[in-house]
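Novice: here you go, sequence then predicted model.
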Amino acid sequence: MFELREGRLTIPPPKDGACPVCGELHGRQEPHNKNSLLYQHRFRRKHGRYPTWEDAMEHCSLTVKKRFCERLKRQGVTVDVDKLLRGLKTKKEE
Ligand SMILES: [Zn+2]
C-alpha cells in the first residue's frame, strides 16, 4: 500500500478505475474509505485534521448515508447522524 523511500513515506497514486479521492474501488455515490492512507493524508493536508466517516460520506445521498450508517453501526462504529443531516442541508443551500 505504501513504501518508505529515502526516509520519506510514499503513498502511490490510485490504481486505474479507483476513486481519485480515496484511491479505493467504490461507486461514485458510495462513501470514501475513511481508513485509506491516501484519503487520510490528502484530507489532513487540506483540512488540518483526519477525516471522519461523516466526511467520507459527505457527497452521498441521504439514502446511502442512512444505509451506510446502519452498516457502520453493526460494526460497532457510531456516526453523528445530525452532523450528516446538517451537511446535507448546507449542500442544498449552496
Ligand atoms: Zn473514494
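Specialist: All right, it came through fine.
Novice: going by secondary structure, residue 9 is in what exactly?
Specialist: For residue 9, the host element (DSSP states H and E) is strand 8-10.
Novice: for this structure, which residues are neighbours of the ion?
Specialist: 19, 21, 22, 32 (Cβ under 5 Å from the ion). Backbone N, C-alpha and C define where each C-beta goes, glycine included.
Novice: can you put those residues in CSV and add secondary structure?
Specialist: Formatted as CSV, the residues of the chain next to the ion follow (DSSP: H, G, I helix; E, B strand; the rest coil):
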residue, secondary structure
19, coil
21, coil
22, coil
32, coil
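Novice: closest one of the residues you listed to residue 78?
Specialist: Checking those against residue 78 with Cβ to Cβ, the nearest one is residue 32 at 18.5 Å.
Novice: list the contacts for the residue most central in space within the chain?
Specialist: With distances taken as Cα atoms, centre = their mean, residue 56 lies nearest the centre of the chain, 2.5 Å away. Shown in contact with residue 56 (Cβ atoms under 8 Å, 6 or more residues apart in numbering): 22, 31, 32, 33, 34, 39.
Novice: can you count the residues close to the fifth one?
Specialist: When you say that, I think you mean residue 34. 19 (other Cβ atoms under 10 Å).
Novice: and the residue nearest to it when sequence neighbours are not counted, which helix or strand is it part of?
Specialist: Nearest residue to residue 34 in three dimensions, chain neighbours excluded: residue 56, at 4.2 Å (Cβ to Cβ, 6 or more residues apart in numbering). Applying DSSP H and E as the criterion places residue 56 in helix 53-57.
Novice: how far off centre is that helix?
Specialist: 5 Å (Cα atoms, centre = their mean, to the nearest Å).
Novice: picking that back up, as CSV, the residues of the chain next to the ion with neighbour count and pLDDT would be great.
Specialist: Below are those laid out as CSV (neighbours: other Cβ atoms under 10 Å; pLDDT from 0 to 100):
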residue, neighbour count, pLDDT
19, 20, 95
21, 18, 94
22, 23, 95
32, 23, 97
